[in-house]
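Engineer: The sequence and its predicted three-dimensional model are supplied below.
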Amino acid sequence: MHSCTHTDILGDEWYWWKTSEAPAKVTALNTHKKQLKNDSKANSKASSNSETVPKFRILCLHGYLQNEEAFRHRTGSLRKALKSKAEFIFVDAPVTAVPLAADDEQACGGDSTVGVGLRGWWVAGENNDEALAKNEGAQGVSPRVRPSQSKQAIGWDTSSEFLSQVSDTLGPFDGVLGFSQGASVAALLLAQNRLPTVKFAILISGFLPVDAELRKFVTHPGAIRIPSLHVIGENDTLVPRDRTQELENIFECPCVFAHDGRHMVPSNAEFRNIVKRFVEQIR
C-alpha cells in the first residue's frame, strides 16, 4: 500500500475548512478548473476506446436512530450523482436503538416509521433503567448518554458478528460510506483490517468511540492507509469538531470537506461534485 497526499486525491484547494481557525490550502481555482476541463476531455476520449470499467461496490453504514431505508433516502442525491460509478449496498444494524432526548433524536434523523424502526451499532450502557434512575435530576428527568459519548458500548459484539456475515455474504467491497455512528463503525472495521478489499472511505460526521474496548483499535495516527474523505458540518452540535478531527487523524491521507449545515448528509451540488471527484481519483 503506497502513501498518498491530499493533492494526489483532490488537489490542494480541496483540503480545507470553512471554519476561521483552520488553515486554508487554496490554489488558483481558475487554473485548476481549466486543467479539469482538459482532463475531462482527455478522459472522455480515452474511455470511448476502452472497456467499460466495473462499478465500485460501496458498503453503506447508517447512523444511530436510523436504518438502511432511512439512510438510503438521505443519500438519494449522492447515489444519483454516482450511479454510473458505484453500487451502494445498505444494511440494517442488528441492535434496536434506545431513544434519546427529543432534540438529539431529531438531530440524528431518527424516524421509527421508516423500515425496521430505529437501529444502532451499539447503545449506551449508561442508559439502562438502573443507571437512569440513579442519575435522575432535580426535575425528575434522567439525562441520556449519546452513543458517541458512551464508555459502555452495549451490543457491539452482536454488530461485529453481523458485519462479518455481511462481508462474507455481500462482499467484497471497494469502498465504505458511513454516517455518524456508521462512520465510527467503518473506522473500527478498517483499523482491524476486516474490510481488506476496501480502497477508500467516505465518512460523514464521524467520531471515534469512547469505550476503551473499542477505542484500543483506533489509537494509532495514520494507521489506516487508504484515501478518506471526511465530511463535517460547521453547525453540528452532536459531533463537535474535535471529535471529527480525532477520526481524521487515524487515516494516513484524510481529505476534509466542510459544509455549513448540522448533523446531516449534505445534498447540494458542491458536496456531490466533491464526492464524485474523490471517487474518480481512486482507480
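Structural biologist: Cool, the structure landed. Please read all numbers here as calculations on a predicted model, not as lab measurements.

Engineer: got the contact list for the most centrally placed residue in the chain?
Structural biologist: For the chain, Leu203 is the residue whose C-alpha lies nearest the centre (Cα atoms, centre = their mean; 2.3 Å). With contact set as Cβ atoms under 8 Å, 6 or more residues apart in numbering, Leu203 has these partners: Leu177, Gly178, Ala183, Ala186, Ala187, Ser228, Leu229, His230, Val231, Leu247. C-betas here are computed from N, CA, C, even on glycine.

Engineer: List the residues that contact the third one.
Structural biologist: Residues touching Ala183, when contacts are defined by Cβ under 8 Å, 6+ apart, comprise Leu61, Gly63, Leu203, Ile204, Ser205, Gly206, Phe207, Leu247.

Engineer: which of those residues lies closest to Ser167?
Structural biologist: Using Cβ to Cβ, Leu61 comes nearest to Ser167 of the contacts of Ala183, at 12.1 Å.

Engineer: Return the residues in contact with that closest one.
Structural biologist: Phe71, Val91, Ala93, Trp121, Val176, Leu177, Gly178, Phe179, Gly182, Ala183, Val185, Ala186.

Engineer: who's it bridged to?
Structural biologist: Bridge pairing for Leu61 (DSSP bridges) gives the partners Val91, Gly178.

Engineer: What count of nearby residues applies to Glu248?
Structural biologist: Residues contacting Glu248 under the criterion other Cβ atoms under 10 Å number 17.

Engineer: Measure how far the host helix or strand of it is from the centre of its chain, please.
Structural biologist: Per DSSP states H and E, Glu248 falls inside helix 241-249. Helix 241-249 sits 12 Å away from the centroid of its parent chain (Cα atoms, centre = their mean, to the nearest Å).

Engineer: I'd like the next helix or strand past that helix.
Structural biologist: Taking DSSP H and E, what comes next after helix 241-249 is strand 251-259.

Engineer: quick one: the helices in the stretch 51-200 of the chain?
Structural biologist: 68-74, 76-81, 102-108, 129-134, 156-170, 181-191 (DSSP state H, counting those that start in this stretch).

Engineer: looking at those, which is closest to Val256?
Structural biologist: Using Cβ to Cβ, the helices of the stretch 51-200 of the chain put helix 181-191 closest to Val256, at 13.2 Å.

Engineer: That'll do, ta.
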